[in-house]
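*Asks:* Build me a structure from this.
(one chain, ligands or ions: 1)
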Amino acid sequence: MKKPVKSRLDKKTESRFSWRKSPSLSRRAQEEFGPGKTDIILCPEGDAVYYYKSWHHDLERYRELSETKAVTFTLCPFHEMKKNRQWEGEVRLVGVPATELREILASAQHISDEARRRDPMHGILDIKTEKNMVSIYTSENQLSGRIAKRIGESHKHHLARRFHHGKESDVFLITLEWIA
Ligand SMILES: [Zn+2]
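*Replies:* Predicted structure coming up:
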């Protein structure tokens with residue numbers, strides 16, 4: 001028999017859930033690295049490079065490499081979120097049988113990889129398992145929506161999808177509950 005699943009967010013979840021999104025570049029970083037102060041920012045944790053006001057995977061589109069440029073090293077927002085254990089989207093799988101889990105997580109990873117190719121700041125930050133729950137944390141809320149939609153559609157008769165929006169933030173929490 002299945003245990004009943006709590007549908008309401010508990011207090012702990014709500015407090016985690018109301019975390020506010022950080023801007024693409026923190027104010028501190030903007031002051032520090034704003035126009036004229038630095039040209040290129042390299043993330044020490046990955047391949048992300050900041051120039052022309054956004055993050056890229058490489059320097060391919062940077063046209064001024066031959067000139068002397070100011071380069072700074074600082075964590076990109078994706079890795080800063082990861083370090084601070086922040087996220088903007090969570091897909092919470094509840095009661096999904098272990099036999100289905102591998103395929104579901106592979107599918108989530110695939111969607112994350114697609115998103116990350118387009119924008120190095122988008123992707124899965126972490127996957128955590130706690131009892132009968134598996135949480136997939138993403139750096140961007142729309143991505144959690146896409147992951148939940150895709151998983152939900154491929155298990156239409158087994159998963160109940162519920163959407164929660166953070167009260168004072170853009171944070172999404174989508175629960176997918178197995179209802180075999
Ligand atoms: Zn990074």
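*Asks:* drop to CA atoms for contacts and neighbour counts, all remaining ones
*Replies:* Noted.
*Asks:* any chance you could map the helices in the chain?
*Replies:* Secondary structure of the chain, counting by DSSP state H: helices at 11-17, 27-33, 77-83, 98-118, 141-154.
*Asks:* Show residues contacting the last one.
*Replies:* Translated: helix 141-154. For helix 141-154, the external contacting residues (C-alpha atoms under 8 Å, 6 or more residues apart in numbering) are 88-91, 104, 107-108, 111-112, 115, 122-123, 137-138, 159-161, 170-174, 176.
*Asks:* Ok, the fourth one next?
*Replies:* For helix 98-118, the external contacting residues (C-alpha under 8 Å, 6+ apart) are His57, His122, Gly123, Ile124, Leu143, Arg146, Ile147, Ile151.
*Asks:* go again using 6 Å as the cut-off
*Replies:* Here helix 98-118 makes contact (C-alpha atoms under 6 Å, 6 or more residues apart in numbering) with His122, Gly123, Ile124, Ile147.
*Asks:* Count the residues that sit near the second one.
*Replies:* For Gly123, the neighbour count with other C-alpha atoms under 10 Å is 25.
*Asks:* What of Gln109?
*Replies:* Gln109 is flanked by 16 other residues according to other C-alpha under 10 Å.
*Asks:* From Ala148, how far out is it?
*Replies:* 12 Å (C-alpha to C-alpha, to the nearest Å).
*Asks:* same question, Lys82
*Replies:* Where Ala148 is concerned, Lys82 sits at a distance of 21 Å (C-alpha to C-alpha).
*Asks:* When these two are compared, which one has more neighbours?
*Replies:* Neighbour count, other C-alpha under 10 Å: between Lys82 and Ala148, Ala148 has more, with 25 against 18.
*Asks:* measure that one to Val91 for me?
*Replies:* Ala148 is 6 Å from Val91, by C-alpha to C-alpha.
*Asks:* Likewise for His165?
*Replies:* From His165 to Val91 the distance is 12 Å (C-alpha to C-alpha).
*Asks:* Looking at these two, which one has more neighbours?
*Replies:* Between His165 and Val91, counting by other C-alpha under 10 Å, Val91 is the more crowded of the two (29 against 15).
*Asks:* what's near enough to touch the more buried one?
*Replies:* With C-alpha under 6 Å, 6+ apart, Val91 has these contacts: Ser135, Ile136, Ser144, Ile174, Thr175.
*Asks:* Can I get the residues you listed in TSV including pLDDT and neighbour count?
*Replies:* As requested, the contacts of Val91 are exported to TSV (pLDDT from 0 to 100; neighbours: other C-alpha atoms under 10 Å):
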residue	pLDDT	neighbour count
Ser135	98	19
Ile136	98	25
Ser144	97	28
Ile174	97	23
Thr175	97	23
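*Asks:* Considering those residues, which is situated nearest to Ile40?
*Replies:* Of all the contacts of Val91, Ile40 sits closest to Ser144, with 29.7 Å by C-alpha to C-alpha.
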